[in-house]
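Trainee: have a look at this fold, sequence not included:
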C-alpha cells in the first residue's frame, strides 16, 4: 500500500539554525499539508499546498516557514531560523482530493521529531 | 471552545467493553474525520463522515454526526488492548483553501 514517507525521523539542531524537513507524498496525490504536534498537545495545521502554491496557512506559519515542491516527488518544509518553541513532531500529509471535500482522506507520514537546543 | 474538541480527555476501560468518545465543533463543516495515533507515531485515518450523513460504520467503529448540535461521536465496540491510543476528530471546513483542524484528542487506555 502506498504511504507517505518523511526524513529524517529525528532532527536535532541549534537555535537559530535552518532546518529542512522532507516528505515524499503518495505519488498520485495533488494536495499536500504540514502539521505539527508539540509533545502532549494536539495536532496543529500549518499549511496546505496545491498546484505549486500555498492554498492556506495558519497563524503559526509565519515568515520563518516556507514550503516547496522542488521536484515531482518531494515536498519540503523549511524553518529559516529555529527557535526553542519550534521543537515538535512535524507531520506531512497528502490527499488525492482537497481537504474539505466530502471524499477527502489525508494520509499522514510517520513524522519528523525536531529538537531545537 | 475550539474547533474539534473531544471529550473525555482520557478514558480507561476493560478489554471487551465499548468506548465512546465525543467531539464538538463550532463552524460549518464539509466532513468530519476520526484519526488514531499510537504513542509517538503518525496519525492513522479511521473513518470519514460527510456532513449529509448521520451515521457510518466500519468494522468495530461506529461514527455519528449531528450537524444541528455540531457534534460527533466515535464508538469502538468490543475494545481490545491494541485499541489503546489517542483518538482525534478533525474537521474540514471550506475556508477557500484546504484546512483541517484537529481536536485535542481522547487518550484511550484499554486494560487487558
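Mentor: Done, it's in. As the structure is a computational prediction, the values presented were derived from the model and not from experiment.
Trainee: what ranges do the strands span in chain B?
Mentor: Assigned by DSSP state E, the strands in chain B fall at B:5-7, B:10-14, B:19-24, B:31-37, B:43-50, B:55-58, B:61-66, B:71-76, B:85-94, B:98-102, B:106-111.
Trainee: got those strands as TSV, with mean neighbour count, mean pLDDT and distance to residue A:21 columns?
Mentor: C-beta coordinates here come from the backbone N, C-alpha and C atoms, glycine included. Below are the strands of chain B laid out as TSV (neighbours: other CB atoms under 10 Å in any protein chain shown; pLDDT from 0 to 100; distance: least, CB to CB, whole Å):
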stretch	mean neighbour count	mean pLDDT	distance to residue A:21
strand B:5-7	19	74	27
strand B:10-14	14	94	30
strand B:19-24	20	94	29
strand B:31-37	24	91	19
strand B:43-50	18	90	16
strand B:55-58	12	95	32
strand B:61-66	18	96	31
strand B:71-76	20	96	30
strand B:85-94	23	85	21
strand B:98-102	24	80	19
strand B:106-111	18	94	26
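Trainee: out of those strands, which gets nearest to residue A:36?
Mentor: For residue A:36, the closest of the strands of chain B is strand B:98-102, at 10.9 Å, according to CB to CB.
Trainee: now for that closest one, which elements pack on it?
Mentor: strand A:31-37, strand A:43-50, strand A:53-57, strand B:85-94 (3 or more CB pairs under 8 Å, 6 or more residues apart in numbering or on different chains; DSSP states H and E).
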